[in-house]
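> sequence first, then the predicted structure:
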Amino acid sequence: MLKEEIEALESVYSSDELKISNKISSVIIKYWFNINENIQILISFVVNFGDNNTTISVLNSDQCKSQLSQKILQKITKQLNEIFIETDKNDMPIFETISYCNNNIDAQYVGYNEIQQNQSNNFHSEKKQSNDNDDNTLFDELDEIKNIEGKGTNLISLYIPPKQSQKQRLNDLLKNEMNSCQNIKDRSIRNAVKNALSSIQNKLKYLNNKDYSPNGLVIFCGENRENKNRIFIKTISSPIYISKLLYFCGKKFNTEKLEENLLNNNLYGIIIINGQEIYIGTKCGKQINHLYSKSVKLPKKQKKGGSRSKIYQESRL
């Protein structure tokens, strides 16, 4: 049925609008949709053969002049998922979802006022477009990494903070895991974990301090079952600050820490002032970064002095 649906999509949409990538365990269908002359979104359908599930994601296109907020993108994603679920599997749900998008999603649907507000902030557009392009590239990389399947629980995800003090702890962690994997009963899985850990240790030898800055480094490593059990290793400079060392080993790579922050990567400033202290910081996703704080000791209200209490108060200040 999927083959017939792909043929129907290719017969209706041009190569500029639709791109289909065939993987070993999945098919990725990408559709570029123009909401208006300034706004274009990319809708991705990832069909996994193993569990026959389809994942839908919506991103700002690299070619659009104006950007939609993550809130609006999540709104569109939610609506498309509902249409996809409601459509009978025998009625080409991907085709119906794209058709719904063409017929119902326009500037009024996403909120025309928000579009105008985004267009008025043109002095931020170049920087924001660059950041969104990086995010889109990272999303594509994460989609590829998520589709990799290992033989047993041999896929290692390692989140490394940029602090130099964590280097020794990292080396100790890898040594301990190397010793612990000796207890794995299945010989093939035991060797796969050992090979992944050895590959990570070798990779770390060629990294310098700049590779970890400013936010830290993420390493994905393990034997790819669909690529003749060859070692897959990928290093990613984290877009969000990694505060502590994290280690995961499973059948799939753990990309949740990166994805949850990419979905909410707006940077906010925080200023808190009360009678005793001031705090300045930033918030991006779930990450709060402390920039400056200072405590002060102000004199209490002057009570003594009678009619001259105000004079005493001014002299104290």
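Yep, it's here.

> would you map out the domains in the protein?
As recorded under automatic domain parsing, the domains making up the chain are 2-124, 155-261, 266-317.

> so how far is the first one off the chain centroid?
In terms of C-alpha atoms, centre = their mean, to the nearest Å, the centre of domain 2-124 is set 18 Å apart from its chain centre.

> do the same with the second one
Centroid separation for domain 155-261 versus its chain: 18 Å, with C-alpha atoms, centre = their mean.

> quick one: mean pLDDT for it?
In this model, domain 155-261 has an average pLDDT of 87.

> now swap in the first one and tell me
Domain 2-124 shows a mean pLDDT of 78.

> show me where the stretch 151-300 of the chain has strands.
Under the criterion DSSP state E, counting those that start in this stretch, the stretch 151-300 of the chain contains strands at 155-160, 217-224, 230-237, 246-250, 267-273, 277-284, 287-295.

> how close does residue 289 sit to residue 280?
10 Å (C-beta to C-beta, to the nearest Å). Glycine gets a C-beta too; all of them are placed from N, C-alpha and C.

> hang on, I meant residue 51
Applying C-beta to C-beta to residue 51 and residue 280 gives a distance of 47 Å.

> neighbour count winner among these two?
Higher neighbour count among residue 51 and residue 280: residue 280, with 14 against 6, using other C-beta atoms under 10 Å.

> partner residues bridging the more buried one?
For residue 280, the beta-bridge partners under DSSP bridges are residue 271, residue 292.

> residue 10 - how many residues pack around it?
Other residues within reach of residue 10, judged by other C-beta under 10 Å, total 12.

> what's the helix or strand for it?
helix 2-12 (DSSP states H and E).

> which of the strands of the stretch 151-300 of the chain is buried the deepest?
strand 155-160 (a mean of 24; mean count of other C-beta atoms under 10 Å).

> so what's residue 26 up against?
Counting by C-beta atoms under 8 Å, 6 or more residues apart in numbering, residue 26 makes contact with 46-49, 147.

> got a PyMOL select line for the buried ones in the residues you listed?
The buried subset of the contacts of residue 26, as determined by 16 or more other C-beta atoms under 10 Å, is captured in PyMOL by this line:
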select buried, resi 46+47+48+147
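
> would you format the contacts of residue 26 as JSON lines with secondary structure and distance to residue 169 included?
Output for those, formatted as JSON lines (DSSP: H, G, I helix; E, B strand; the rest coil; distance: C-beta to C-beta, whole Å):
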{"residue": "46", "secondary structure": "strand", "distance to residue 169": "36"}
{"residue": "47", "secondary structure": "strand", "distance to residue 169": "41"}
{"residue": "48", "secondary structure": "strand", "distance to residue 169": "36"}
{"residue": "49", "secondary structure": "coil", "distance to residue 169": "40"}
{"residue": "147", "secondary structure": "coil", "distance to residue 169": "31"}
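
> helices along the stretch 1-150 of the chain, start to end?
Using DSSP state H, counting those that start in this stretch, the helices found in the stretch 1-150 of the chain span residues 2-12, 70-86, 93-104, 107-110, 112-120, 125-146.

> reformat the strands of the stretch 151-300 of the chain as CSV; add distance to residue 104.
Shown next, in CSV, are these (distance: least, C-beta to C-beta, whole Å):
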stretch, distance to residue 104
strand 155-160, 38
strand 217-224, 38
strand 230-237, 36
strand 246-250, 39
strand 267-273, 32
strand 277-284, 33
strand 287-295, 36
